[in-house]
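**Student:** Here is the input, now give the coordinates:
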Amino acid sequence: MTDRVYSVRQINSYIKNMFAQDFVLSHISVSGEVSNCKYHSSGHIYFTLKDDSGVISAVMFASYRKGLAFPMKVGDKVVVSGSIRVYERNGAYQIYAERIEPQGRGLLYERFEALKRELEEMGMFDPEYKQPIPAYPKRIGVVTAPTGAAIRDIQNISHRRNPYVQIILYPAIVQGEAAAPSIVSGIHALEMRDVDVIIVGRGGGSMEDLWAFNEEMVARAIFDCPVPIISAVGHETDFTIADYVADLRAPTPSAAAEIAVYDIRRTLQQLESVKYTLNKRMSWHLEQTGAQIRQYQLKLRVADPRNQLMENRQRAADICDSLQSRMERLMTDSRHRLQLAAAALDAASPLKKLESGYAYLATPEDRRITGVRSLAPGDHLRAWLADGSFEATVNEVRVKQDEETL
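**Tutor:** Take a look at the predicted model:
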């Protein structure tokens, strides 16, 4: 007996590492019947795989859900591929599923995956080769069975959304050995009918039923077609090679019709909205243009030469009136000043003084006599009165200050 004691965690970790180092357990496929299947809200799937001899727990995490191409349920016979590891927390082992396939179809899935990888490496899935789906197609080609839900759904939806769109059906075989060549012939035939878009598809079914849309010849016909193609095969969970190669994948034929046929009612509503917007903008522009025209008319009236001439004439008349008024005031002022000056001159006039009894004395040489000191007895003088003049001789001179007699 050893003296070494291990913890539970160490034991679980050791066993986990042993499982991880085992190549067979790291890459294994297990077949069995599904039981206790639970789809968790997180996207994980928890279930039990059983057969007549025992059971094993299994989980498929949400990141691997793309490896489940069908709605798995209790009772399904499946092949689960992944790895078996120990869940260290409770010491239990379980299979971690990376891919789940219905039992008995493994070979088909291998063929599917092989062709998918080959075409993907060739670039046939690249987005750069995808053609845009026309927004307003007039002629839509459909490659599908002439009877069945697919064509009825497409016709009903097309008529409801837009009864003016023409649906051209190529009645193809969509199941069995002759299906793939028939689908290819349908694609080529509709290319020649000048359609705007082609819908290739059928209703749901098993993987064997849908296998014609996984054939390489169908994929190449879709890839080489100059007309945009919508793939609508099976249900939403069904994926075929045609879905990857087509310009657009629709989950169902009904969805393909919804995508391909534009809703004329919505288009008419959009046209009405555009019409309303255009009318509103046109009215606004007309109002703005009318206001500008009125402004220009006003400016033209203001800038009219006749108006300017009238204004200049009025201004000239106002100036003339102002000048005339000023001249009259100046003349009135001048007359008044002249009258005052004339009165002052009249008052200072020698004639006025002479009329008052004064006389103007001067020598015979016309030298004015201003005082007696310039006179001497015997001088001859000439005197002017208001009514005439006379000559006189000075007999005596008296000076006022001292009244001296000479």
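**Student:** Check which helices and strands the longest helix along the chain sits against.
**Tutor:** With residue count as the measure and DSSP state H as the assignment, the chain has helix 305-348 as its longest helix. Applying 3 or more CB pairs under 8 Å, 6 or more residues apart in numbering; DSSP states H and E, one finds that helix 305-348 contacts no other helix or strand. C-betas here are computed from N, CA, C, even on glycine.
**Student:** Now do the very next helix or strand once past it: everything it contacts.
**Tutor:** Later in the chain than helix 305-348, the nearest helix or strand by DSSP states H and E is helix 350-355. With CB atoms under 8 Å, 6 or more residues apart in numbering as the test, helix 350-355 has contacts from 346, 360, 384-386.
**Student:** Output helix 350-355 as PDB, nothing but the C-alphas.
**Tutor:** C-alpha atoms of helix 350-355 as PDB (Å, rounded to 0.1, in the frame of the first residue of the first chain):
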ATOM      1  CA  PRO A 350     -24.800 168.200 -47.800                       C
ATOM      2  CA  LEU A 351     -27.900 169.100 -49.600                       C
ATOM      3  CA  LYS A 352     -30.000 168.200 -46.600                       C
ATOM      4  CA  LYS A 353     -27.800 170.500 -44.500                       C
ATOM      5  CA  LEU A 354     -28.000 173.200 -47.000                       C
ATOM      6  CA  GLU A 355     -31.800 173.000 -46.900                       C
END
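**Student:** in the helix or strand following that helix, what's buried?
**Tutor:** Moving toward the C-terminus from helix 350-355, the next helix or strand (DSSP H and E) is strand 360-362. Under the neighbour-count criterion of 16 or more other CB atoms under 10 Å, strand 360-362 has 360-361 buried.
**Student:** same deal with stretch 250-263?
**Tutor:** Quick answer for stretch 250-263 (16+ other CB under 10 Å): 250-262.
**Student:** Take those residues and keep only those in helices.
**Tutor:** 253-260.
**Student:** what's the closest of the residues you listed to Pro226?
**Tutor:** Using CB to CB, Ala260 is the member of these that sits closest to Pro226, with 16.8 Å.
**Student:** Verify the stated contact: that closest one with Val200.
**Tutor:** No. Counting by CB atoms under 8 Å, Ala260 does not reach Val200; the two are 11.5 Å apart.
**Student:** Between these two, which contacts overlap?
**Tutor:** Counting by CB under 8 Å, 6+ apart, the common neighbours of Ala260 and Val200 are Ile230.
**Student:** For PyMOL, what selects the buried ones among the contacts of helix 350-355?
**Tutor:** Filtering the contacts of helix 350-355 down to the buried ones (16+ other CB under 10 Å) takes a single PyMOL command:
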select buried, resi 360+384
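**Student:** Quick one: the contacts of helix 350-355 as a markdown table, columns for distance to Gly123 too.
**Tutor:** Output for the contacts of helix 350-355, formatted as a markdown table (distance: CB to CB, whole Å):
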| residue | distance to Gly123 |
| --- | --- |
| Asp346 | 131 |
| Tyr360 | 144 |
| Trp384 | 146 |
| Leu385 | 149 |
| Ala386 | 145 |
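**Student:** For whichever strand or helix holds Met217, buried residues please.
**Tutor:** Secondary structure from DSSP H and E places Met217 in helix 216-224. Using 16+ other CB under 10 Å as the test for burial, helix 216-224 gives 218-219, 221-223.
**Student:** any idea which of these is the one closest to Ile84?
**Tutor:** Nearest to Ile84, judged by CB to CB, of those is Ala219 at 35.8 Å.
**Student:** who's in contact with the closest one?
**Tutor:** 115, 119, 124, 241-242, 244-245.
**Student:** low-scoring stretches of the protein, by residue?
**Tutor:** Counting by pLDDT under 70, the chain has low-confidence residues at 1-3, 104-107, 351, 401-406.
**Student:** just the helices in it please.
**Tutor:** Assigned by DSSP H, the helices in the chain fall at 8-21, 23-26, 106-121, 149-161, 179-191, 216-224, 241-245, 253-260, 264-303, 305-348, 350-355.
**Student:** Touching the third one from outside, list them.
**Tutor:** This points to helix 106-121. 79, 101, 125, 207-208, 211, 214, 216, 219, 241, 244-245.
**Student:** Repeat the analysis, applying 6 Å as the threshold.
**Tutor:** Contacts with helix 106-121, where a contact means CB atoms under 6 Å, 6 or more residues apart in numbering, come from 79, 101, 207, 214, 216, 219, 241.
**Student:** what's the answer for the fourth one, then?
**Tutor:** For helix 149-161, contacts defined as CB under 6 Å, 6+ apart pick out 142, 144, 165, 167, 202-203, 253-254, 257, 261, 263.
**Student:** at 8 Å what do you get?
**Tutor:** With contact meaning CB under 8 Å, 6+ apart, helix 149-161 is reached by 140, 142, 144-145, 165, 167, 169, 199, 201-203, 232, 252-254, 256-258, 260-265.
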